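Trainee: whatever this is, show me its structure:
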Amino acid sequence: MNAFDFCIKANLIATGGVDRTIRVWHPNIFTAPVGKLVGHLFTIIDLVINQADQYIISLSSARVIRIWDIASMSLLQVGILVCHQQIDPMLTTSTL
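Mentor: Here you go, the predicted structure:
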């Protein structure tokens, strides 16, 4: 497991990791998750629950963001995280 979050409003825990699956757990049921969200093709490195809108927002190592609806346990949107930060080509590990 690489990431998890707790939603007070929905009373659930979401976890994600190297198996690319988000598992949704009820805090008092330890035997099995109450839901699974499948769709990431790479390791899930972070996730957060939007308490107000009841969404799970997950990020994979391929920088793909997925937004999931908690009530229906379904995928709502997919996007790609784009970073415009420039890396100095003169900077090498030997200069760090």
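
Trainee: partner residues bridging the residue nearest the centre of the chain?
Mentor: With distances taken as CA atoms, centre = their mean, residue 58 lies nearest the centre of the chain, 2.3 Å away. Note on residue 58: beta-bridge partners residue 47, residue 66, judged by DSSP bridges.

Trainee: ok, it touching residue 50?
Mentor: No. Residue 58 is not in contact with residue 50 according to CB atoms under 8 Å; the separation is 11.4 Å. (C-beta placed from N, C-alpha, C; glycine too.)

Trainee: contacts only, for the residue nearest to the centre of the chain.
Mentor: 3, 16, 22, 37, 40, 44, 46, 47, 65, 66, 68 (CB atoms under 8 Å, 6 or more residues apart in numbering).

Trainee: list the contacts for the second one?
Mentor: Spelled out, it's residue 16. Per CB under 8 Å, 6+ apart, neighbours of residue 16: 1, 2, 3, 4, 22, 23, 40, 44, 46, 47, 58.

Trainee: ok, the residue nearest to the centre of the chain to residue 79 distance?
Mentor: Distance, residue 58 to residue 79, by CB to CB, to the nearest Å: 11 Å.
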